[in-house]
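Q: Model the structure of this input:
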Amino acid sequence: MRWSCGKVVAHHRPSRLEEAAFGEDRLTEMAKKCENDDDVDRKITIGVCVMEKKVKCGPEVFSAPMGQILERLQAFGEFEIIHFGDKVILEEPIERWPICDCLIAFHSSGYPLEKAEAYAALRKPFLVNELGRQHLLHDRRKVYECLESYGIPVPRYALVNREKPYQELDYFVEEEDFVEVHGQRFWKPFVEKPVHGDDHRIMIYYPSSAGGGMKELFRKVGNRSSEFHPEVRRVRRENSYIYEEFMPTGGTDVKVYTVGPEYAHAEARKSPVVDGVVMRNPDGKEVRYPVLLTPNEKQMAREVCIAFRQGVCGFDLLRCEGRSYVCDVNGWSFVKNSYKYYDDAACVLRKMFLDAKAPHLSTAIPPILPWKVSEPAQPSEGLTRQGSGIIGSFGQAEELRCVIAIVRHGDRTPKQKVKLKVTEEKLLNLMLKYNGGRPRAEAKLKSAVQLQDILDATRILVPHTRPGLGGDSEAEYIEHAEKLRQVKAVLEEGGHFSGIYRKVQLKPLKWVKISKGDTEEERPIEALMVLKYGGVLTHAGRKQAEELGRYFRNNMYPGEGTGLLRLHSTYRHDLKIYSSDEGRVQMSAAAFAKGLLDLEGQLTPILVSLVSKDSSMLDGLDNASTNMEEAKARLNELITSGVKLVQANGSLKKPWMIDGAGIPPNASELLPKLVKLTKKVTEQVRLLAKDEDEKLTETTSYDVIPPYDQAKALGKTNIDVDRIAAGLPCGSEGFLLMYARWRKLERDLYNERKERYDITQIPDVYDSCKYDLLHNAHLNIEGLDELFKVAQLLADGVIPNEYGINPKQKLKIGSKIARRLLGKILIDLRNTREEAINVAELKRQCQDLTSIAVDKGYTDRQQKNVTKNDESRRTCHTSEKSMDPEDDEDKEIKYRLDPKYANVRTPERHVRTRLYFTSESHIHSLMNVLRYCYLDGSLQGEASLICDGALERLLKTKELDYMSYIVLRMFENIEVNLEDPKRYRLEMTFSRGADLSPLEQNDLEASSLHQEHTLPIMGPERLQEVGSYLTLERMEKMIRPFAMPAEDFPPPTIPQGFSGYFKSAGVLERLVNLWPFHKHGISSNLK
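A: Got it, this is the predicted structure:
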């Protein structure tokens, strides 16, 4: 038989009249004659045996990948395409189906797969996708089994098989924060998948420490692909399920599409796990971005293709901790809306068909693809393209390379602590229950079950009447009972336990030895109970963080008002968000990410998907506590002595250099006034609490105070209007707890018996004042505004000086607290520089290679396409090497944009963003190192990194309030030689955070902000003179003495169980070109 590329000749199909006249035998004879015809114009016939909805033509052709690819195949002139159609597939017997050389057939809803198998067995065409193996794709258990048999990595998983709904199984255990299957434990967050492949209702369950709840993933419905249910905490039991480890991927999924075992195309899309909003461009298409696969992932794609014997196959890839895993195999799938992919797929399929049916013919690609002449222009995705000169005011030659921001958390409730000695048997038994039965060991209770046990015990122990003991005994008893009531009230907040804002410690104080048979054992008889609570991110704090995220999106990244959106949609963006261990800090980071990346929905899924916890870098005071105690002792002396401080006068040019800079001259006179006003406020709150206490005594129900659900509160940014209208305190606090807060401050601030002030309480008094003035102004507490002014004057002197009484001490303390953070910042800057150098060199090499390749023939290039792709990808992967131990240890995979498919002018452009969310101590410490590093002996003669004007502003600023931040931006001047230090310039800015002026004014704007209980965030201020030039080289020199060396960073570890948020410093490598954000073009938000 001879095949050629002759003119188009329609394949002869028998008509109904022919069928009637000749009968089935005659038709078979005709088919055989046709097969053996020696006609040189005979074409290879490709049968398309799929449901009609899967093949669209005509005006809808761009939205139909199948139609696009078939048109290209036909344009080669070597093939005839035969569409079977639904009527033939569903109604005709297989003997009457058209005869073809090659068959495209795949299962979809309503498709008779067994019938197609019978046809393939009868006619034996070349199959692009084998039919028998398609049955595997309907059972997720068999999919995973097949993947594992070929050594393809899958997430850690376990099977729960039920023969009937709600069947109880001995090997399946569910607890509050994990499930256990055959002894294998899966900590939340974990994934629950139905075993049936066509059931797309996949659930993700979140830990109670993150607020709990469940996210349901489903097939796209309009613009949604998932829904968060904060109240659902129990797993399903009606069917069989797969439970698997949740893989933190940075909010990105990768879809891989194979066309034969040698070709794979990958696209990244926003994961439905994050906020469930499908990102679409103005044409309504889901936005995806082509990314490069690593050589290892290319091999995985090949193995998936071979394992399931599906030539055209789509599967889902998860990239986590430097490894890749296959989590789902979809079978026949084509990329949507990519002309380049359509070209490639048609060329690969052509080669497959020719190799199978005409191996003697050349499979070389023609120099000009036959459809290129008449190809329509590719529709725009509605993305604004942008060249390299986007910096504008920074000069056409400069490009932004790195944004590093250190941000304090948002507005919170006051942090509080209750301490009481307990001798009650119930509480001592609880301590032994949770400390492993060790009489001298401390017990920490944080989980819902543990806190419920404490609450149950406390409810029994709280007395309903007060005995008249008289004297000191009665006073002690009353105080103990009040504290128990306070513990009970704190634990009853919200009606259920969620979040990470309450914890109880039980520390044994006294023991006795008791005889037990022939042995003696110790038993505790007294313990110290410490309840820590408060410090919760308020609705205002969440709103502030979200607003600041939006501000960063639009202002920190160069562009014409579109900032980060344009960067994300056009270029590579490498984003990581780190948080300390504190709940308020983590939630601030999640809310900020929501604003920065234009997301929707609850914070819990955003937090788990995008925020990486690093408590060693962003928590604690390390070994600075001794120095801080020295500073506080000296501070106490300066404030209480009454000695007038030497303040700046005309001759003193640098007032920030003196001891105790910022302390008001009349501090000792303000202290008695502070105590007096604190007593006045406390007494008013006591009367309010007394009324509430009487109401609670009259009824056993605690519904007098509307219950406050903290989990739901995290999901909103508005105040609790009903509570405000009812004259109750804002948020979760009742009057009893509000009184306990103020009474403790009154007691601790001044010891009347010893006539001693405790100046460490001044920041707490100021904190409570500020909170109540903003959130509880409707209670009209007399004297609160006056107390605020006095407390502010003192706090402005105390808070900055707690981190060092003079610049040298500030530098010493700051370098100890921020040592690890400073080391990480230097690593970020060095990595950015190294990557920029690699990109510049790689670009130069690529240009050289391109100029050489132009001289070669098209066919030769095409034959070496696969090899070249692999080599270029290896080169890109090699260029990822960095000085960052988290990158070296985790070998994190970058989502590198694939320029061949992206329609991007400068795909090598890369901006690194690192966001560090922390507390006040780290902001002060970092700022102190930046402004006083030049005082170190090793840097004698060096000028300050921060100009005198900024130093003076910082002295006047005093407080770095909620959402204060320090930003370092690094720019690269691409017109300067790589070796020139001026190639990289650093810009430093800071914001003092929340603007307190509305609390001090009575104008219209202040009134509006009062109603919203929210303070605006101050804009950034320069730390350098306009026109100054800070090189990266000088920055490194000045900071290196105080920073942890890169080699001292320990390798990241993966936590065994989820005990908050991900501890590994390298958990979430962000998507290069995550997704463009044009929701507002079609409806009216990374998240």
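Q: for the chain, what helix or strand is lowest in average pLDDT?
A: helix 865-878 (a mean of 36; mean pLDDT, DSSP states H and E).
Q: Confirm Val765 sits in a helix?
A: Yes - according to DSSP: H, G, I helix; E, B strand; the rest coil, Val765 belongs to a helix.
Q: measure Lys270 to Phe190 for me?
A: Distance of Lys270 to Phe190, given as CB to CB, to the nearest Å: 21 Å. In this view, the C-beta of every residue, glycine as well, is placed from N, C-alpha and C.
Q: Look up which residues are beta-bridged to the residue lying closest to Ala158 once chain neighbours are set aside.
A: In space, and not counting its chain neighbours, Ala158 is closest to Val181: 3.7 Å by CB to CB, 6 or more residues apart in numbering. Here Val181 shows beta-bridge partners Phe172, Gln184, assigned using DSSP bridges.
Q: residues in contact with Val181?
A: Counting by CB atoms under 8 Å, 6 or more residues apart in numbering, Val181 touches 158-160, 171-172, 243.
Q: pLDDT value on it, please?
A: Val181 is assigned a predicted lDDT (pLDDT) of 96.
Q: Could you report the separation of it from Ile242?
A: 10 Å.
Q: so what's in contact with these two at the same time?
A: Joint contacts of Val181 and Ile242 (CB under 8 Å, 6+ apart) are 158-160.
Q: which one of those is nearest Gly132?
A: Nearest to Gly132, judged by CB to CB, of the shared contacts of Val181 and Ile242 is Leu159 at 23.3 Å.
Q: Can you tell me the SS state at that closest one?
A: strand.
Q: ditto for the one 5 residues further on
A: Assigned by three-state DSSP, the conformation of Lys164 is coil.
Q: show me what contacts it?
A: By CB under 8 Å, 6+ apart, the contact set of Lys164 is empty.
Q: Would you list the phi and psi of it?
A: When read as degrees, to the nearest 10, the backbone of Lys164 gives phi -150, psi 160.
Q: just to revisit the earlier point, which one of Lys270 and Phe190 has more residues nearby?
A: It is Lys270, of Lys270 and Phe190, that has more neighbours when counted by other CB atoms under 10 Å, with 28 against 25.
Q: Would you check that the more buried one makes contact with Tyr289?
A: No - taking contacts as CB atoms under 8 Å, Lys270 lies outside contact range of Tyr289: 9.8 Å.
Q: ok, now which ones touch the closest residue in space to Glu231 that isn't next to it in sequence?
A: Once flanking residues are discounted, Glu231 sits nearest to Gly213: 7.0 Å by CB to CB, 6+ apart. Listed by CB under 8 Å, 6+ apart, the contact set of Gly213 reads 205-206, 228-233, 602, 604, 711.
Q: can I get the residues you listed in TSV with neighbour count and distance to Lys613?
A: What follows is the contacts of Gly213, written out as TSV (neighbours: other CB atoms under 10 Å; distance: CB to CB, whole Å):
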residue	neighbour count	distance to Lys613
Tyr205	24	19
Tyr206	26	15
Phe228	20	21
His229	12	24
Pro230	19	21
Glu231	12	25
Val232	16	24
Arg233	20	22
Gln602	23	18
Thr604	26	14
Ala711	21	19
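Q: got TSV for those residues, with distance to Asn555 and pLDDT too?
A: Shown next, in TSV, are the contacts of Gly213 (distance: CB to CB, whole Å; pLDDT from 0 to 100):
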residue	distance to Asn555	pLDDT
Tyr205	38	96
Tyr206	32	92
Phe228	30	91
His229	35	92
Pro230	33	90
Glu231	38	90
Val232	39	92
Arg233	40	91
Gln602	26	81
Thr604	28	81
Ala711	33	40
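Q: Just the pLDDT for Leu736.
A: 83.
Q: er, Ser209 I mean
A: Listed pLDDT for Ser209 reads 80.
Q: same check, this time on Ala105
A: The model reports Ala105 with a pLDDT of 95.
Q: Ignoring the adjacent residues along the chain, who's closest to it?
A: Nearest to Ala105 is Cys49, by CB to CB, 6+ apart, at 4.1 Å.
Q: Now do the contacts for the one you found.
A: Per CB under 8 Å, 6+ apart, neighbours of Cys49: 84, 89, 97, 103-105, 116, 119.
Q: ok, these vs Leu548, which is closest?
A: Nearest to Leu548, judged by CB to CB, of the contacts of Cys49 is Ile104 at 52.6 Å.
Q: neighbours of that closest one, just the number please.
A: Ile104 - counted by other CB under 10 Å - has 25 other residues nearby.
Q: could you point out the longest strand in the protein?
A: Counting by DSSP state E, the longest strand found in the chain is strand 519-534.
Q: Partner strands of that one, with direction?
A: Using DSSP bridges, strand 519-534 pairs in its sheet with strand 415-422 (antiparallel), strand 503-516 (antiparallel).
Q: buried residues in the longest one?
A: So that's strand 503-516. For strand 503-516, the neighbour count (16 or more other CB atoms under 10 Å) marks 504-508 as buried.
Q: Centre of the chain to that strand, how far?
A: Offset of strand 503-516 from its chain centre (CA atoms, centre = their mean, to the nearest Å): 42 Å.
Q: Once you drop chain neighbours, what's closest to Val585?
A: Counting by CB to CB, 6+ apart, His409 is the residue found nearest to Val585 once chain neighbours are left out, at 4.5 Å.
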